[in-house]
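K.L.:
Structure, please.
(2 chains)
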Amino acid sequence: MPRWGYKIHEDRQVIWEEGDFSLVERIRLAEPSLCLCISCGTCASGCTAAQFTDFSLRRVIIQLQRGRIEEVRQEIDRCMLCGKCILTCPRGVNTRHLVLCIRKELSGDVLY
Amino acid sequence: MYYIDYDPFVLPFTLGVLALLVMLFWKFFQWWDKLQPEDRIVIRTGLRSGKLLAILKEVFLESLIHRRMWKQNPLQGYMHMTFAFGWFMLILIGNVESRIHSGVEFNMPYYPIFFKFFLDSNEGLPFSKSFTFIMDFFLLLVLSGLVLAMFKRVNAKLYGMKKPAKPEAIDRIALTALWFIFPLRLLAESFTSAVTGTGGFLTGNLGEFLSGWLPARLLAYPAWWSYSVALSVFFVCMPFTRYMHIPAEVLLIYLRHLGFKPSKTYDFFSVVEVNSCPSCGVCVESCQLKSSLGHGNIVPAYFLRGLKKDREDMQAVNECMLCGRCQQVCPVGIHVNDIRIQRRDLLNKQVVFNYPYLPPPDHQKADVVYFAGCMTHLTPGIKRSVENILKAAGIHYLFLDKEGGICCGRPLQIAGLWDSARQLVESNQRLIRQSGARLLLTSCPICLKVFREEYDLRIPVMHHSQYLVQLIEAELINVAFSSREVSYHDPCELGRGCGIFEEPRQLISRIAGLQEITAGREKSLCCGGSLGGLSLSFQERKRLASDALKQLLAGQPDLLITACPLCKKTFQPLSPVGVMDIAEFLYTAMEQKTRTAQPEVLINCNETVAVL
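P.N.:
Take a look at the predicted model:
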């Protein structure tokens, strides 16, 4: 090996995040458009279910990305799958399929 | 004493028929297992139900004459008729002929098929001239169909399709065997006729011609062997190929006459429908996912084939937009949409959504209840136009979901989630019933379909396009005709889904010139926004919409009119001309003095008016 005058240390990064990221990784494979989400919250602003209850797809997605599966599990059930959020999303995230994928995964149905 | 005619060459045929029967019974008993006990009784007693004549008539018209295929394309119809009807008549008349000859009711099953081999001469045979003529005629009929079938593989365009459906390996084997059966029969009978003189105008003359330069006596026997083997190969392959549709379709017609309909789960009826698919490929051309995106595996011909062979294509289940164009052209009338939803149901059986938070009904009452629907709340121009028109007409109405309502439940249902949807259906049902409505009006065709089919409302449910026509006819609102040319897009759920084609056209033709387009009415296109498709990406939906727009705007209309908020929302960003809902369009055409709402309110809320 050529000597470049410096060496690479072992990774000393400490990850404080306690979340479980396996779910979001699987969901990203099932619905890749999740990666486009910028958490703008347009989906939550027009939501049919949000008129009656404290449901926000924006929060669900953020919790999912942070690996907070319990929070996702508590909230995702309330979606009515009406599809308004797909039409409003400025980034083209297939939100309806995303909810369905999360729900399927949480029910133990492994997608990938 | 009765002597049984026998020769070893009949063995392949006889064993082939035996194998076919065993396989058919085996398959049928597997399907039978999926049946509910009460349905079994209906099927068992069906033959005595007095519908037998109607059933036989439809079997004759559809399975033998192929009436719906004739309507699709006469060349296709003729080709299918020659094979089905011609072959059936060969079997039927062959049986009659051979029975008259042998003088007994019971024949060996191979005897009528190889009758000419066992016949030494026509002497003493009653009506022999007529029989040979009829048999030769039907053989010629089948052979003419065979020529057309071969030509279809070369040039399918004449038959109304770009390409025939791609056959699988075993389909190819069966197809080749089928193609060989009739020429071999012709050869075998001709060679035999050259020796015995038993042939008619076709086999007799051909036999005479061939014997002039071929050793007919020597060739006859191998020809009979080949004929028997070809038949055998076809029969053994049949249950594993698309030719399974022949017995399955007869069963399907029987079930339909007994009142069987597609249910919510993948059951006996669905299996029979899946097996009735002949993979004819008529649906291939109709699929927009195929024509716009090249996703050929979505097409029912291939999707159902996979399902039949337990190789289900999940992409074909989840990606399909359920527009129903394929169902419309299907010559067998298979309910592909229902089957896809049933397959989604199997997938999602563990997935349940819960809505304990739904509000209780309040106590407002009205005769006419207007339910805008989720999608209409995204396109507020529509709901405001409807409200303004209702006000102008002096209708006392209740806007049920003015402050936002509960989803109708159809989006969940088309994802296969029937249990979750039931909670929403029941909740909305309570709301509507409690309002004391005598008419339910909706702006969303998706809601319309579910209100009509899944709700127990016992009141008429109307789409606003139907109701507004009635208001005009009752002269409650006055409209002015303008010289604008418009094109009308039939939404899938409104047109094919609920059968509403005429009312929107009546309404539009009172206001402006309506261009009829080729992709109109039953053939109308999917806008690309459909909630039926689960996994299709944003970019793919956009491509579908742009391709559909090209066809809709082919006549260069001034405006594109639709009757579905979802279609409007999908087309609007891509369309070079304005896109309007039929209610918005009507409101702009209403005479100024008859409007009660302020015009600027409309302009503020509705971006498309700016286009005018």
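K.L.:
since we're on the residue of the stretch 101-250 of chain B found nearest chain A, how many residues are nearby?
P.N.:
For the stretch 101-250 of chain B, the residue closest to chain A is B:Glu168, as judged by C-beta to the nearest C-beta, at 28.0 Å. The C-beta positions use only the backbone N, C-alpha and C, and glycine is treated the same way. Using other C-beta atoms under 10 Å in any protein chain shown, B:Glu168 has 16 other residues around it.
K.L.:
Show the pLDDT at the closest residue to chain B within chain A.
P.N.:
Residue of chain A nearest chain B, by C-beta to the nearest C-beta: A:Gly92 (3.1 Å). With respect to pLDDT, A:Gly92 scores 93.
K.L.:
Using the three-state scheme, assign it.
P.N.:
In three-state terms, and counting by DSSP: H, G, I helix; E, B strand; the rest coil, A:Gly92 is coil.
K.L.:
Can you pull out the low-pLDDT segments for the chain?
P.N.:
If you meant another chain, say so; for now it's chain A. Where chain A drops to pLDDT under 70, the residues are A:1, A:109-112.
K.L.:
should've been chain B
P.N.:
Flagging of chain B using pLDDT under 70 yields the residue ranges B:1-3, B:346-349, B:592-612.
K.L.:
quick one, strands of it?
P.N.:
B:368-371, B:397-399, B:439-442, B:461-463, B:485-489, B:513-515, B:559-562, B:578-581 (DSSP state E).
K.L.:
Those into TSV, with extra columns for mean neighbour count and distance to B:Gln413?
P.N.:
Output for the strands of chain B, formatted as TSV (neighbours: other C-beta atoms under 10 Å in any protein chain shown; distance: least, C-beta to C-beta, whole Å):
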stretch	mean neighbour count	distance to B:Gln413
strand B:368-371	23	17
strand B:397-399	18	25
strand B:439-442	23	16
strand B:461-463	24	16
strand B:485-489	23	24
strand B:513-515	17	33
strand B:559-562	25	23
strand B:578-581	25	24
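K.L.:
and B:Met108, how many neighbours?
P.N.:
By other C-beta under 10 Å, the residues close to B:Met108 number 16.
K.L.:
related to what we said a few turns ago, leaving out sequence neighbours, find the closest residue to the residue of the stretch 101-250 of chain B closest to chain A.
P.N.:
B:Arg305 (7.3 Å; C-beta to C-beta, 6 or more residues apart in numbering or on different chains).
K.L.:
Check B:Gly405 too.
P.N.:
Nearest residue to B:Gly405 in three dimensions, chain neighbours excluded: B:Phe371, at 6.5 Å (C-beta to C-beta, 6+ apart).
K.L.:
So what sits opposite the one you found in the bridge?
P.N.:
B:Thr442 (DSSP bridges).
K.L.:
Contact partners for it?
P.N.:
Counting by C-beta atoms under 8 Å, 6 or more residues apart in numbering or on different chains, B:Phe371 touches B:400-401, B:405, B:408, B:428, B:432, B:440-443, B:447, B:451.
K.L.:
just B:Phe260 next, same as before
P.N.:
For B:Phe260, the contacting residues are B:39, B:42, B:269, by C-beta under 8 Å, 6+ apart.
K.L.:
what separates it from B:Gln30, distance-wise?
P.N.:
Distance, B:Phe260 to B:Gln30, using C-beta to C-beta, to the nearest Å: 18 Å.
K.L.:
Could you measure from the residue nearest the centre of chain B over to chain A?
P.N.:
Central residue of chain B (C-alpha atoms, centre = their mean): B:Gln327, 2.8 Å from the mean position. Remark: distance between B:Gln327 and chain A (C-beta to the nearest C-beta, to the nearest Å) = 22 Å.
K.L.:
ok, the residue in chain B that chain A sits nearest to - how many residues close by?
P.N.:
Using C-beta to the nearest C-beta, the closest approach of chain B to chain A is made by B:Phe538 at 3.1 Å. B:Phe538 has 16 neighbouring residues, counting by other C-beta under 10 Å.
K.L.:
which residue packs closest to it, ignoring adjacent ones?
P.N.:
Going by C-beta to C-beta, 6+ apart, B:Phe538 has A:Gly92 as its nearest residue, at 3.1 Å.
K.L.:
Likewise for B:Ile500?
P.N.:
B:Leu494 (5.1 Å).
K.L.:
I figured the one you found hits B:Cys567, correct?
P.N.:
No. Counting by C-beta atoms under 8 Å, B:Leu494 does not reach B:Cys567; the two are 9.1 Å apart.
K.L.:
ok, the two, which is more surrounded?
P.N.:
The neighbour count for B:Leu494 versus B:Cys567, taken as other C-beta under 10 Å, is higher for B:Cys567 (31 against 28).
K.L.:
quick one, what contacts the closest residue to B:Pro359 other than its chain neighbours?
P.N.:
Of all residues not flanking B:Pro359 in the chain, A:Phe52 sits nearest, at 5.9 Å (C-beta to C-beta, 6+ apart). By C-beta under 8 Å, 6+ apart, the residues touching A:Phe52 are B:357-359, B:406.
K.L.:
Just the buried subset of these, written out for PyMOL, thanks.
P.N.:
Of those, the buried ones go into a single PyMOL selection, burial set by 16 or more other C-beta atoms under 10 Å in any protein chain shown:
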select buried, chain B and resi 358+406
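K.L.:
With respect to B:Pro183, which of the contacts of A:Phe52 is nearest?
P.N.:
Of all the contacts of A:Phe52, B:Pro183 sits closest to B:Ile406, with 65.3 Å by C-beta to C-beta.
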